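In: coords below, sequence missing:
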C-alpha cells in the first residue's frame with residue numbers, strides 16, 4: 001500500500017513489509033544466461049591501491065587512489081588534487097560513491113562529506129555538515145525528482161534550488177545507504193541497510209512504498225531509463241513503476257541465487273552490468289550474458305565509460321574490458337571522413353554545422369558517439385528515429401570510437 005511522503009524534515013508514512021512477496025509484486029527469472037567472453041582486456045597501473053572507481057559527467061573514468069581522485073586522460077590517470085581551504089578536511093576519508101556531475105566532473109560521497117571534482121581540483125561542498133558521511137550520491141537532471149540526492153548517515157536528502165530537504169520514511173530510520181533516480185526522473189528507490197523504499201511523485205507530493213521483498217543485503221542501486229536495479233545477496237532486483245508486477249528478480253543461476261556486489265549502467269544502450277564473484281553479467285533488453293573473469297578482484301569496483309567499456313580494479317591494477325575487438329588507429333581525413341560522408345552528411349552538411357569540417361566535428365564527436373550508441377543517430381527517412389532493427393550495430397561505428405580513443409587526430 002502506497003502512502004504520501006512529505007519532505008523538508010517532515011515525517012512520512014509507509015507500508016511495513018512484513019508479508020512475503022506475492023506474484024502480483026514480484027516475477028522471478030531464473031538462469032545464468034548465455035556465456036560469452038570479452039574481446040580484449042587492457043590493464044593500467046595506479047600508483048597505489050584503488051579505493052573506488054566511477055565515471056564523470058563526460059563519461060571518463062574516475063579512480064581514487066593514494067587518497068586523491070584521478071581522471072583518465074588517454075591511457076594515464078591525472079590527479080585532481082584535494083583543495084584544502086580554511087576549515088576544510090585534509091583528506092577524503094573512505095570513499096563510498098562516485099557519480100557523474102551534470103555539466104562535467106564528478107561528485108564524491110565519503111566519510112568526510114560531499115566533494116566535487118572539476119577539471120583541476122577536488123573541493124569540499126559546504127552542505128549539511130551535521131548529517132554525517134555521504135554514503136551515496138546521485139545527480140538527477142530530469143523530471144519531478146530532479147536534484148542532487150544524497151544518502152547520508154543522517155538520512156535521505158535532496159538538494160535543489162539552493163535548498164536541502166530531508167525525506168523521512170516511517171519505519172526506516174538511521175543511515176540512508178543508497179539512492180537511485182530513474183533517468184527521466186519518473187520514480188526513485190532508496191535503501192536503508194537491507195530495507196528498500198520506492199519513491200513515486202504524485203502531483204505535489206511523493207508516494208512511498210516499502211515492498212515486501214526478501215533481498216538479503218543490498219549492495220548497490222543503479223538507475224536506467226524505465227527501471228532501477230538493485231544488487232543484492234539474492235541476485236538483481238529490477239523495479240519498474242506502474243508495471244505488473246513492478247519487481248523482477250534475476251537469480252543469475254538455475255537454482256538458488258547469486259550474490260551481486262556492484263552495478264553500473266551503460267546509459268546510451270540502457271543496459272546494466274553487474275559484478276559477481278566470478279563473472280561480469282550484462283542484462284540488456286531482458287537477456288542475460290555472462291562474461292567469466294579470471295580474477296574477481298575487488299567485486300564492488302565497477303564503472304562503465306562513454307565507450308561502453310567495462311572497468312574493474314584489483315589492488316593497483318585497473319582493467320578495461322571491451323566487448324568489441326580493437327581496430328586499427330584512425331585519422332579524420334583517411335578513416336573517419338568517409339564514414340561521416342556515408343552516415344552523417346545528408347543531414348549535417350550545411351552552413352551552420354558541416355560535419356565534414358574537422359574543426360566542427362571535433363567539438364561534437366563525443367556527443368555524436370553517445371547518440372549513435374543509443375540509436376538516436378543516424379536517423380531514418382523523414383528524420384525519424386530508426387526502428388531497432390535498422391540502428392547501427394557496434395561494428396558499424398567502430399571507426400568513430402577508435403578515432404576518439406586515438407585522441408581525434410586530423
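Out: Sure, I can see it. Please read these numbers as outputs of a predicted model, since none were measured by experiment.

In: hey, where'd the helices end up in the chain?
Out: 337-343, 358-374, 398-405 (DSSP state H).

In: Please work out which of the ones you listed is packed deepest.
Out: helix 398-405 (a mean of 20; mean count of other CB atoms under 10 Å). Yep, even glycine has a C-beta here, placed from its N, CA and C like the rest.

In: Please work out the average pLDDT along that helix.
Out: Here helix 398-405 scores 90 as its mean pLDDT.

In: Kindly reformat the helices of the chain as CSV and extend each row with distance to residue 88.
Out: Listed next are the helices of the chain as CSV, based on distance: least, CB to CB, whole Å:
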stretch, distance to residue 88
helix 337-343, 47
helix 358-374, 32
helix 398-405, 36
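
In: Quick check: which of those helices is nearest to residue 86?
Out: Nearest to residue 86, of all those, is helix 358-374, at 37.4 Å by CB to CB.

In: Can you tell me which of the helices of the chain is nearest to residue 122?
Out: It's helix 358-374; of the helices of the chain, that one is closest to residue 122 (CB to CB) at 22.6 Å.

In: Off-centre distance for the closest one?
Out: 21 Å (CA atoms, centre = their mean, to the nearest Å).

In: quick one on the thing from earlier: and the helices of the chain: which comes nearest residue 269?
Out: helix 358-374 (6.1 Å).

In: tell me the angle that closest one makes with helix 398-405.
Out: 120 degrees (axes from the mean of the first three to the mean of the last three CA atoms, to 10 degrees).

In: Any regions of the protein where pLDDT drops low?
Out: 1-23, 129, 295-297, 351, 382 (pLDDT under 70).

In: quick revisit: closest to residue 236 out of the helices of the chain?
Out: Closest among these, once you apply CB to CB, is helix 358-374, at 22.1 Å.

In: How is this structure divided into domains?
Out: Domain ranges of the chain: 3-322, 332-405, per automatic domain parsing.

In: mind listing what residue 324 touches?
Out: 39, 394, 395, 398, 401 (CB atoms under 8 Å, 6 or more residues apart in numbering).

In: Over to it: give its phi and psi.
Out: phi -110, psi 140 (degrees, to the nearest 10).

In: Would you mind measuring from it to residue 394?
Out: 5 Å (CB to CB, to the nearest Å).

In: next one: residue 287
Out: For residue 287 relative to residue 394 (CB to CB), the value is 16 Å.

In: These two: which has the busier surroundings?
Out: residue 394 (15 against 10; other CB atoms under 10 Å).

In: The more buried one against residue 322, yeah?
Out: No: using CB atoms under 8 Å, residue 394 is not in contact with residue 322; the gap is 9.8 Å.

In: so residue 349 sits right up against residue 361, yeah?
Out: No: counting by CB under 8 Å, residue 349 sits too far from residue 361 to count as a contact (10.7 Å).

In: Can you name the residues bridging to the residue lying closest to residue 192 once chain neighbours are set aside?
Out: In this structure, residue 192 finds its nearest non-sequential neighbour in residue 172, 4.4 Å apart by CB to CB, 6 or more residues apart in numbering. Following DSSP bridges, residue 172 is listed with bridge partners residue 169.

In: State the distance from residue 172 to residue 209.
Out: From residue 172 to residue 209 the distance is 12 Å (CB to CB).

In: Pull the distance from stretch 273-291 to the chain's centre.
Out: Distance, centroid of stretch 273-291 to centroid of chain: 15 Å (CA atoms, centre = their mean).

In: So for that stretch, what gets flagged as buried?
Out: Within stretch 273-291, the residues that qualify as buried are 273-276, 279-283, 288-291, counting by 16 or more other CB atoms under 10 Å.

In: From what I see, residue 119 and residue 106 are in contact.
Out: No: if you go by CB under 8 Å, residue 119 and residue 106 don't touch, sitting 11.0 Å apart.

In: Show me which of these two is the more surrounded one.
Out: The neighbour count for residue 119 versus residue 106, taken as other CB under 10 Å, is higher for residue 106 (26 against 11).

In: returning to what we had before: which one of the helices of the chain lies closest to residue 156?
Out: Across the helices of the chain, closest to residue 156 is helix 358-374 (CB to CB), at 30.1 Å.

In: Residue 272: what's it in contact with?
Out: Here residue 272 is in contact with 222, 224, 229, 236, 263, 264, 265, 266, 282, 283, 284 (CB under 8 Å, 6+ apart).

In: try 7 Å this time
Out: Residues near residue 272 by CB atoms under 7 Å, 6 or more residues apart in numbering: 222, 224, 229, 263, 265, 283.

In: same deal with residue 102?
Out: So residue 102 contacts 57, 139, 141 (CB under 7 Å, 6+ apart).

In: follow-up on the earlier one: mind listing the shared neighbours of residue 172 and residue 209?
Out: Joint contacts of residue 172 and residue 209 (CB under 7 Å, 6+ apart) are residue 197.

In: returning to what we had before: among the contacts of residue 102, which one lies nearest to residue 242?
Out: Closest to residue 242, out of all of the contacts of residue 102 and judged by CB to CB, is residue 141, at 21.8 Å.

In: ok, and the closest non-adjacent residue to residue 302?
Out: residue 262 (3.9 Å).

In: same thing with residue 288?
Out: residue 33 (2.8 Å).

In: what about that neighbour, how many residues close to it?
Out: 18.

In: just to revisit the earlier point, nearest to residue 303, of the contacts of residue 324?
Out: residue 401 (17.4 Å).
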